[in-house]
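Engineer: Pasted the sequence and its predicted model underneath.
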Amino acid sequence: DMAAFKYLKNGVTGVGVTGDYIDAFDLCESVTGFYRNVLTSTFSVATYLADHCAKMVSPEGSNETFGGAGAANTDAYATRLANAKTLNSPWMCYGVNSLVTYQADGVTEKTYDGWMLAVYHNAIKASANPRQAATNKVLNILRTDEELTPTQLINAEKSGCLTISKNPNGEYILLHGLTTFQGNNLIYNLSQTIVTALALINDLRNSLWLEFGGKTPTDPDNLDKEFDDADIREFVDNKFDIDYIQNFGWLSRNVYTGEAAYDPNYTITRDGNVIYFNFPDGKIVSSIDYIFSLLNLDLIKGSSTGV
């Protein structure tokens, strides 16, 4: 509400130390922000970010968060992959490719460590519907000075790393939007699916609180009732049918098997002034990351009489 911009003055510039980042994380525990990136290659900061995101996603934090960090280009390639495996977090991504782009002046070229690739990834995610994947998206960069071999790319993906590759047009792309989770679970392995799930959880919880928080359900026969328990189920049904399926496109029925997008027979439990929801099943959307084709071809064979 100021008439003109005001700027900080009399400050100092320098290199942030690990403690500065930890202080910032602790401060951000009370701040709403879905995507959180660190602009440093210090691995201890990345590990603290993983813990921070896990806390934000937990019932204690109730502030769904997805983080991003990256490796130093001076680290050995094996070290970068080992770092990603150590993080082992479904709540963050980790870039291992350096990239070259312009500094803020738009003229001077600068090489950035892998954390900048994580910034690009999360910026792509933040600019679109959570269901959209960063996989295969063209990066607005000049180049990468370390183009990885096919074997290195495969090993990076197995380790849960963000890497740079080229598409058939020769453009630099973010190969796959992955988390650092080391288990075999596509919901947790893909940043697209875990971010969509987190967004759904966040939206549902906040919507329920805005609609019913602090209000009192009464008996269905009460004459001046504000709402009853049946209205809660109707509200949740509408959130799933209208928002998560029709409007947002976060859930989808399985057109191959006929399974529904979610099981409407979910459980609502009341314990005094506390209410719990237990949803047994749901089908979250995912990108098409691989395409294979099988053609049964043969040469022309046969004979003709000329008729």
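Structural biologist: In hand now; what should we look at?

Engineer: Strands of this structure, residue ranges please.
Structural biologist: Along the chain, counting by DSSP state E, strands occupy 35-37, 66-70, 92-95, 99-102, 109-112, 164-166, 172-174, 267-271, 274-278.

Engineer: Give me the residues contacting the last one.
Structural biologist: Defining contact as C-beta atoms under 8 Å, 6 or more residues apart in numbering, one finds that strand 274-278 is touched by 232, 236, 266-270. Any C-beta I mention is one placed from the backbone N, CA and C, and that applies to glycine too.

Engineer: Now with 6 Å, please.
Structural biologist: 267-269 (C-beta atoms under 6 Å, 6 or more residues apart in numbering).

Engineer: which of those residues lies closest to A104?
Structural biologist: Distance to A104, by C-beta to C-beta, is smallest for I268 among the contacts of strand 274-278, at 51.5 Å.

Engineer: residues touching the closest one, list them.
Structural biologist: Taking C-beta under 6 Å, 6+ apart as the criterion, I268 is in contact with F277.

Engineer: distance of it from P280?
Structural biologist: Applying C-beta to C-beta, to the nearest Å, one obtains 12 Å for the distance of I268 from P280.

Engineer: measure stretch 167-175 end to end?
Structural biologist: End-to-end distance for stretch 167-175, by C-alpha to C-alpha, to the nearest Å: 9 Å.

Engineer: Now do that stretch, average pLDDT.
Structural biologist: Averaging pLDDT along stretch 167-175 gives 95.

Engineer: hey, C-alpha coordinates of stretch 192-208 in PDB?
Structural biologist: The C-alpha atoms that make up stretch 192-208 are tabulated as PDB, following Å, rounded to 0.1, in the frame of the first residue of the first chain:
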ATOM      1  CA  GLN A 192       3.700 -35.000 -11.100                       C
ATOM      2  CA  THR A 193       1.700 -37.600  -9.200                       C
ATOM      3  CA  ILE A 194       3.000 -36.700  -5.700                       C
ATOM      4  CA  VAL A 195       2.400 -33.000  -6.300                       C
ATOM      5  CA  THR A 196      -1.100 -33.700  -7.600                       C
ATOM      6  CA  ALA A 197      -1.800 -35.900  -4.500                       C
ATOM      7  CA  LEU A 198      -0.500 -33.200  -2.200                       C
ATOM      8  CA  ALA A 199      -2.600 -30.500  -3.900                       C
ATOM      9  CA  LEU A 200      -5.700 -32.700  -3.600                       C
ATOM     10  CA  ILE A 201      -5.000 -33.300   0.100                       C
ATOM     11  CA  ASN A 202      -4.400 -29.600   0.700                       C
ATOM     12  CA  ASP A 203      -7.500 -28.400  -1.200                       C
ATOM     13  CA  LEU A 204      -9.800 -31.000   0.500                       C
ATOM     14  CA  ARG A 205      -8.600 -30.200   4.000                       C
ATOM     15  CA  ASN A 206      -8.800 -26.400   3.500                       C
ATOM     16  CA  SER A 207     -12.200 -26.600   1.800                       C
ATOM     17  CA  LEU A 208     -13.600 -28.700   4.600                       C
END
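
Engineer: gap between it and the chain center?
Structural biologist: The gap between where stretch 192-208 is centred and where its chain is centred comes out at 11 Å by C-alpha atoms, centre = their mean, to the nearest Å.
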